[in-house]
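Peer 1: the sequence and its predicted three-dimensional model are supplied below.
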Amino acid sequence: MISLSENPSVEDFSFLKDELKNTQVVMLGEISHTDGNVFEMKTKIVEYLVHEMGYTTIAFEAGIYDLWNAEKQLKKGSKVKEVFDNSLFSIWSKAAEFQSFINFYETKKEQLKLFGFDYQITGINGTEHLVNELYNYCKINKLKIKLNQDDLILLLESITKSGMFDDEDITYNEYSDALTQLLIQINHNPINDEHFYWKQILKSLLALGENANNNIEILSTFNTTAMDNIRDRQMADNLLSYIKAYPNEKIICWGANQHFSNDISSIKTAILTDFIPMASYIKKELKNKLYSLAAITARDSVYLQHKWYKTPVQENSFEARLKQKKVPHLFITSNQEAMNKQQYNRLFSPITFIEANLSELHDGYLYFDKASISTIIDDEQINITHNEQFIPENKTISLEQSLENNYTLNEIIITGKQSPYGIIKKVIEKLGSNYPNTAFSSEFYTNVSSKIQDSEVLNFDFIANQYDRGYIGYDFRSTKKLKEIRWNIKTVFVPQSLREYHGLVYNSPIQYATFLKNRKFKKFDFILEETIFIDGEEVYVISFAISRNHSTYTRRVFLSNYSGLLYINKKDYAVLKITENWKVTEFPQSFREGYPLTGDYSKYIRKEYVNESTVTEFSKINGLYYITYTSNLIEGKIQDIQNNSLPFKIKTVSRWYNFELADPVKIKKEEHSFEKVKYNKAIWDNFKLP
């Protein structure tokens with residue numbers, strides 16, 4: 001057992017030279033993908049292994065295509081930060097504590113190689129380029145792939161984002177047969193880097209499709225179960241194939257403890273006995289040339305669904321005994337008699353302890369007395385080019401007001417050849433000229449109210465600042481900072497954070513709505529219902545619906561029938577108003593928890609959504625359309641353990657104002673916590689919406 005200081009230097013890991021003697025592959029695990037101080041420590045170990053022991057490849061639990069593309073971009077001179085942002089899971093690339101690794105790799109990128117052993121698509125590299133590059137590769141090498149290119153892009157997006165195999169365009173058999181036949185064709189080609197990678201990418205896509213088609217859901221407190229077996233088997237195949245193709249590489253793997261377990265046969269906990277981890281395949285092949293080093297913590301709480309929950313360390317467990325040492329860090333080798341026995345541990349779950357022979361699970365352990373949750377950063381620099389002076393309009397009547405006050409003329413029936421699909425296509429073409437694609441800031445006011453049965457149990461107002469990078473070309477949300485809050489009714493349910501209201505955090509349908517995406521809009525059913533006049537402008541009213549009920553098209557974690565209405569200005573094809581409705585068909589078990597009520601309602605511990613609806617309105621300011629009004633209504637049921645239930649409603653109504661276009665105010669640090677904003681009576685006594 002070796003003690004390490006709170007902040008050890010790279011040289012302090014010199015004990016690894018003897019521990020890792022004759023090792024070709026080192027696996028550096030982490031019990032959670034959100035422990036920032038673990039990232040920093042792993043980076044120091046990587047530095048030592050590269051500088052002192054000659055390791056040459058860094059292999060991540062990330063997409064094999066994504067990291068291959070990243071490697072090629074680095075060879076062209078791209079910055080490490082940029083390629084990691086586009087290829088790794090954001091839990092690493094966007095974590096402040098991972099930036100030390102990025103800085104280190106930037107200095108060594110000429111000497112090191114990247115490899116991704118995961119079958120998943122983990123970044124923009126994969127989502128935007130994989131399929132197009134695959135078809136280009138087939139064209140150049142005169143290979144046949146019997147799948148529609150656009151349909152394959154949408155299918156992989158469905159698998160990646162929703163975990164579902166959407167077989168409405170490509171059946172699973174068509175997918176499997178086409179990729180298998182392509183794999184056979186590649187096997188006839190001479191071995192080189194390109195053929196090697198496409199062979200492994202296709203094997204990964206086949207495994208990814210198989211897993212999505214099986215669609216197995218196992219609910220448990222464990223990070224891995226038998227539902228991960230297809231993935232772990234393919235991750236092992238990818239890494240072993242890389243070792244075979246590049247036998248002189250010394251490899252450092254970065255990923256989760258669970259996948260890096262050598263042998264879990266000592267575990268008798270039922271839900272884990274059928275799990276076969278990635279490292280178990282590698283260990284059988286490499287034997288002592290593989291070394292698995294697990295990170296282990298004595299954390300006594302876990303962060304789930306934006307809240308902390310107590311998870312006490314079990315007495316007489318491995319973690320409890322290490323905590324008694326009262327040192328910041330410890331290294332423990334498994335090559336000692338004391339480790340060769342059953343011990344309670346929490347290596348497979350943030351909550352549940354199990355018994356296992358620790359000498360069989362991993363070759364060594366690095367203990368952290370404290371684990372600090374990683375900090376997500378957003379360091380992308382924005383070049384503001386919009387220098388027009390903001391001149392407020394003298395009078396603005398919202399679309400909602402115009403409809404409510406009958407500012408409409410008689411309906412016009414369109415008899416021409418204009419089809420709803422032609423109109424939507426024009427809308428998509430003109431998004432860039434109708435909506436902001438440069439940064440702006442604004443303020444917004446929101447009222448939130450909740451009812452259980454007929455009783456209002458919550459009502460509060462807040463004012464916040466918002467910074468937005470525009471609605472076009474960015475795949476991320478705006479940033480928000482709470483300024484003022486007023487609790488009008490605060491009884492049995494008190495929300496903690498703005499993040500509990502999805503519609504307020506991701507509030508731009510122009511940016512996110514799938515019926516405004518080039519490849520996806522054709523999958524929707526559109527009907528041109530009528531045309532009306534609003535403020536003297538002719539407006540198309542088009543209904544939309546889609547039979548596909550998963551998140552790739554609905555943007556909701558629950559399965560739902562998705563439909564709505566679009567109000568489109570005939571003159572410039574701008575969407576003036578969008579109504580959206582999600583009728584829930586299946587609400588996931590994992591989201592039923594976490595609705596803490598008190599008092600008379602404390603026995604109701606589960607929730608279920610039944611329906612959600614949203615209205616979004618836009619106003620024209622300086623020639624572009626900005627969101628100025630939204631309303632969101634969630635209807636559902638709360639339930640007790642006997643399935644007795646009561647209906648509930650949550651309504652949020654927001655208005656945006658004080659737009660700053662020429663010199664937007666950037667929010668450097670978001671504030672979402674309601675608890676950190678104090679009530680200011682003077683502000684609210686004088687507050688009036690502009």
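Peer 2: Structure's in. What do you need?
Peer 1: after the worst-scoring helix or strand of the chain on mean pLDDT, which helix or strand is next?
Peer 2: Here the helix or strand of the chain ranked lowest by mean pLDDT, DSSP states H and E is helix 399-404, holding a mean of 36. As assigned by DSSP states H and E, the chain's next helix or strand after helix 399-404 is helix 420-429.
Peer 1: quick one: average pLDDT of stretch 643-655?
Peer 2: Across stretch 643-655, pLDDT averages out at 95.
Peer 1: buried ones in that stretch?
Peer 2: Neighbour counts over stretch 643-655 (16 or more other Cβ atoms under 10 Å) mark 648-655 as buried. Every residue, glycine included, has its C-beta placed from N, CA and C.
Peer 1: which of those residues fall in strands?
Peer 2: Applying DSSP state E to those, the entries found in strands are 648-655.
Peer 1: how close does Lys668 sit to Asn465?
Peer 2: Note on Lys668: its distance to Asn465, by Cβ to Cβ, to the nearest Å, is 11 Å.
Peer 1: got it, and Lys17?
Peer 2: According to Cβ to Cβ, Lys17 and Asn465 sit 53 Å apart.
Peer 1: more crowded one of the two?
Peer 2: Neighbours per residue, other Cβ atoms under 10 Å: of Lys17 and Asn465, the larger number sits with Asn465, 20 against 12.
Peer 1: for that one, helix, strand, or coil?
Peer 2: Following DSSP: H, G, I helix; E, B strand; the rest coil, Asn465 is assigned to strand.
Peer 1: quick check: bridge partners of it?
Peer 2: Glu443, Lys481 (DSSP bridges).
Peer 1: wait, what's in contact with it?
Peer 2: 441-443, 480-481, 483, 665, 667 (Cβ atoms under 8 Å, 6 or more residues apart in numbering).
Peer 1: buried subset of those?
Peer 2: 441-443, 480-481, 667.
Peer 1: quick revisit: closest one of the contacts of Asn465 to Tyr309?
Peer 2: Here the nearest of the contacts of Asn465 to Tyr309, counting by Cβ to Cβ, is Lys480; it sits at 25.1 Å.
Peer 1: Glu670 is in contact with the closest one, correct?
Peer 2: Yes. Lys480 lies in contact with Glu670 (Cβ atoms under 8 Å); the separation is 6.1 Å.
Peer 1: using PDB, write out every CA atom in stretch 43-55.
Peer 2: This file holds the C-alpha atoms of stretch 43-55, laid out as PDB (Å, rounded to 0.1, in the frame of the first residue of the first chain):
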ATOM      1  CA  THR A  43      -3.800  12.600 -16.600                       C
ATOM      2  CA  LYS A  44      -0.700  12.500 -14.400                       C
ATOM      3  CA  ILE A  45      -0.500   8.700 -14.700                       C
ATOM      4  CA  VAL A  46      -0.700   9.000 -18.500                       C
ATOM      5  CA  GLU A  47       2.100  11.600 -18.500                       C
ATOM      6  CA  TYR A  48       4.300   9.200 -16.400                       C
ATOM      7  CA  LEU A  49       3.500   6.200 -18.700                       C
ATOM      8  CA  VAL A  50       4.300   8.200 -21.800                       C
ATOM      9  CA  HIS A  51       7.400   9.900 -20.500                       C
ATOM     10  CA  GLU A  52       9.000   7.100 -18.500                       C
ATOM     11  CA  MET A  53       7.600   3.900 -19.900                       C
ATOM     12  CA  GLY A  54       7.200   4.600 -23.600                       C
ATOM     13  CA  TYR A  55       3.500   4.200 -24.100                       C
END
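Peer 1: who touches it?
Peer 2: Residues contacting stretch 43-55 (Cβ under 8 Å, 6+ apart): 8-11, 13-14, 16-17, 20, 26, 28, 56, 58, 98, 100-101, 104, 108, 111-112, 250-252, 254, 293.
Peer 1: pull out the buried members of the residues you listed.
Peer 2: Buried members of the contacts of stretch 43-55, scored by 16+ other Cβ under 10 Å, are 10, 13, 16, 20, 26, 28, 56, 58, 98, 100-101, 104, 112, 250-252, 254, 293.
Peer 1: could I have stretch 9-26 exported to PDB, CA atoms only?
Peer 2: Taking Å, rounded to 0.1, in the frame of the first residue of the first chain, the C-alpha atoms of stretch 9-26 are listed here in PDB:
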ATOM      1  CA  SER A   9       3.500  15.100  -9.000                       C
ATOM      2  CA  VAL A  10       3.900  13.000 -12.100                       C
ATOM      3  CA  GLU A  11       7.200  11.700 -10.600                       C
ATOM      4  CA  ASP A  12       5.300  10.300  -7.600                       C
ATOM      5  CA  PHE A  13       4.000   7.500  -9.800                       C
ATOM      6  CA  SER A  14       7.400   6.000 -10.200                       C
ATOM      7  CA  PHE A  15       6.200   2.900  -8.300                       C
ATOM      8  CA  LEU A  16       4.300   1.900 -11.400                       C
ATOM      9  CA  LYS A  17       7.500   1.100 -13.200                       C
ATOM     10  CA  ASP A  18       7.900  -2.200 -11.300                       C
ATOM     11  CA  GLU A  19       4.200  -2.800 -11.100                       C
ATOM     12  CA  LEU A  20       3.700  -2.500 -14.900                       C
ATOM     13  CA  LYS A  21       6.800  -4.400 -15.900                       C
ATOM     14  CA  ASN A  22       6.400  -6.100 -19.300                       C
ATOM     15  CA  THR A  23       2.900  -4.700 -19.600                       C
ATOM     16  CA  GLN A  24       1.600  -3.700 -23.100                       C
ATOM     17  CA  VAL A  25      -1.900  -2.500 -22.200                       C
ATOM     18  CA  VAL A  26      -2.800  -0.400 -19.100                       C
END
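Peer 1: and it, how far out from the chain's middle?
Peer 2: Relative to its parent chain, stretch 9-26 has a centroid offset of 34 Å by Cα atoms, centre = their mean, to the nearest Å.
Peer 1: quick one: average confidence on it?
Peer 2: 94.
Peer 1: repeat for stretch 239-259
Peer 2: 97.
Peer 1: buried stuff in that stretch?
Peer 2: For stretch 239-259, the neighbour count (16+ other Cβ under 10 Å) marks 239-243, 249-259 as buried.
Peer 1: let me know the closest of those to Tyr629.
Peer 2: Nearest member of the buried residues of stretch 239-259 to Tyr629, counting by Cβ to Cβ, is Ala256, at 43.6 Å.
Peer 1: hang on, that closest one is in a helix, isn't it?
Peer 2: No. Assessed by three-state DSSP, Ala256 does not belong to a helix; its assignment is coil.
Peer 1: low-confidence ranges in this structure?
Peer 2: 303-307, 378-417, 474-476, 594 (pLDDT under 70).
Peer 1: ok, now with 80
Peer 2: 189-191, 215-220, 302-309, 378-418, 473-477, 590, 593-595, 690 (pLDDT under 80).
Peer 1: residue closest to the middle of it?
Peer 2: When Cα atoms, centre = their mean is applied to the chain, the residue found nearest the centroid is Ser90 (7.5 Å).
Peer 1: now do the contacts for the residue nearest to it when sequence neighbours are not counted.
Peer 2: Distances taken as Cβ to Cβ, 6 or more residues apart in numbering place Ile376 nearest to Ser90, at 7.5 Å, with adjacent residues excluded. Applying Cβ under 8 Å, 6+ apart, we find Ile376 in contact with 90, 94-96.
Peer 1: over to Gln342?
Peer 2: 266, 355-357.
Peer 1: could you rerun that using 10 Å?
Peer 2: Gln342 sits next to 266-268, 354-358 when contact means Cβ atoms under 10 Å, 6 or more residues apart in numbering.
Peer 1: what do you get for Lys370?
Peer 2: The neighbourhood of Lys370, defined by Cβ under 10 Å, 6+ apart, consists of 6, 35, 37, 297-299, 328-329.
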